[in-house]
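S.K.: Pasted the sequence and its predicted model underneath.
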Amino acid sequence: MLLLAANGSSFKNARTSVQAFFGSLLALNLVEIFYFFYANETHHMLLLRLYYLFALTSALSMAAYGMSAFQDLKWLTKSVVTICLVPTVLAIFIPNAGLAGVESIGYSITRIPGKYYFVIQFGLLSSVIFAFSALYATYKNAKEHTEQRRSLVFMLSIVPCIITALLVITMMQMGVRINGSVFMSLAVCVTLWALMYTEKKENVFHLLAKVPRSDEWKSMQELSRFFADPALGLKEAKRLLESEMVNRAMQVTGQNREKAAQLLGVSRQTLYRKQNNV
């Protein structure tokens, strides 16, 4: 809720898949709050089923976000969503299929796995893997540079969620009585903040400038030379700035000199000369 209040305008302007992702995670956390009220009661199967349903929709909306850059592959997105959604929902809501019951762990409640609980695990994990793959494909193939960089931000931001999910599943398989939603709620805050923050184009650069070895980080390292040592002089500062502007323009336009020259407002010959000078 704090993230929504701080980034309300960004949320309103965000694409539908981002809004669906945020809404699913918000519903997920609200269900978790109710967990604490009914920590000593074991008949609230509806809460547990809703939790798994919202976890699934958040993963699938993440996949839709990743595939939004590939309009010609909508059929693939629909196919994967159907394959993940239908059997998982059936396992969640058919009595004693995926979820056999609820047990108290003192501070909250957790699931008693049913015979087909593996279907729920498979549905959730395959959705996340597909989402990550779609984001990576967008990062590698997106025509628009901002879309490419935003996909990189999203990939980096969901890493804590993936690691947390794998750890929770491993602990559950080992028989540890644990409520994974507590840990997942903390992990998803990173993803939510990154999504809301990077809806503005300039914020994509700001955030990636903090990621070591990224193009943005390298640009800031280069420019910081002048700010750290003004004795380099205006001539060297101009050279550094022009160099970074040329590099950024080439990155944004996919190494297209003609488009880069238009973006910078210079001729192709001038751009070529400045590249050689660099």
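M.R.: Sure thing, it's come through. Residues are numbered from 1 along each chain as shown.
S.K.: all helices for the stretch 51-200 of the chain, in order.
M.R.: For the stretch 51-200 of the chain, helices defined by DSSP state H, counting those that start in this stretch occupy the ranges 74-93, 117-141, 145-173, 180-197.
S.K.: Tell me which other helices or strands the second one touches.
M.R.: Going back to what we said before, that points to helix 117-141. Packing partners of helix 117-141 (3 or more CB pairs under 8 Å, 6 or more residues apart in numbering; DSSP states H and E): helix 45-67, helix 74-93, strand 99-104, helix 145-173. For glycine as for every other residue, the C-beta is placed from the backbone atoms N, C-alpha and C.
S.K.: buried sites along the last one?
M.R.: By 16 or more other CB atoms under 10 Å, the buried positions in helix 145-173 come out as 145, 148-158, 160-162, 164-165, 168, 172.
S.K.: Return the distance of stretch 256-265 from the chain's centre.
M.R.: 31 Å (CA atoms, centre = their mean, to the nearest Å).
S.K.: Now render the helices and strands packed on helix 117-141 as a markdown table, adding distance to I129 and mean pLDDT.
M.R.: Formatted as a markdown table, these follow (distance: least, CB to CB, whole Å; pLDDT from 0 to 100):
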| stretch | distance to I129 | mean pLDDT |
| --- | --- | --- |
| helix 45-67 | 9 | 82 |
| helix 74-93 | 10 | 84 |
| strand 99-104 | 22 | 80 |
| helix 145-173 | 9 | 79 |
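S.K.: In a markdown table, list these along with distance to S126.
M.R.: Listed next are those as a markdown table, based on distance: least, CB to CB, whole Å:
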| stretch | distance to S126 |
| --- | --- |
| helix 45-67 | 9 |
| helix 74-93 | 6 |
| strand 99-104 | 19 |
| helix 145-173 | 12 |
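S.K.: Quick one, which of these gets closest to L241.
M.R.: helix 145-173 (19.5 Å; CB to CB).
S.K.: Tell me what angle the closest one forms with helix 45-67.
M.R.: Angle of helix 145-173 versus helix 45-67, following axes from the mean of the first three to the mean of the last three CA atoms, to 10 degrees, is 150 degrees.
S.K.: so A261 is in which element?
M.R.: helix 257-264 (DSSP states H and E).
S.K.: List the contacts of that helix.
M.R.: With contact meaning CB atoms under 8 Å, 6 or more residues apart in numbering, helix 257-264 is reached by M245, V246, A249, M250, V252, T253, S267, R268, T270, L271, Y272.
S.K.: what bits of the stretch 101-250 of the chain have low per-residue confidence?
M.R.: 105-109, 177-182 (pLDDT under 70).
S.K.: list the contacts for the closest residue in space to K115 that isn't next to it in sequence?
M.R.: Nearest residue to K115, sequence neighbours excluded (CB to CB, 6 or more residues apart in numbering): A97, at 6.9 Å. By CB under 8 Å, 6+ apart, the contact set of A97 is L90, A91, G114, K115, Y116, V119.
S.K.: Could you double-check that the second one sits in contact with G123?
M.R.: Yes - under the criterion of CB atoms under 8 Å, A91 makes contact with G123 at 7.4 Å.
S.K.: if we can go back for a sec, now the contacts of helix 257-264 as CSV including distance to L50, secondary structure and neighbour count?
M.R.: Shown next, in CSV, are the contacts of helix 257-264 (distance: CB to CB, whole Å; DSSP: H, G, I helix; E, B strand; the rest coil; neighbours: other CB atoms under 10 Å):
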residue, distance to L50, secondary structure, neighbour count
M245, 51, helix, 15
V246, 53, helix, 19
A249, 49, helix, 21
M250, 49, helix, 19
V252, 43, helix, 17
T253, 46, coil, 17
S267, 61, coil, 12
R268, 59, helix, 12
T270, 61, helix, 12
L271, 56, helix, 20
Y272, 60, helix, 13
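S.K.: Good, wrapping up.
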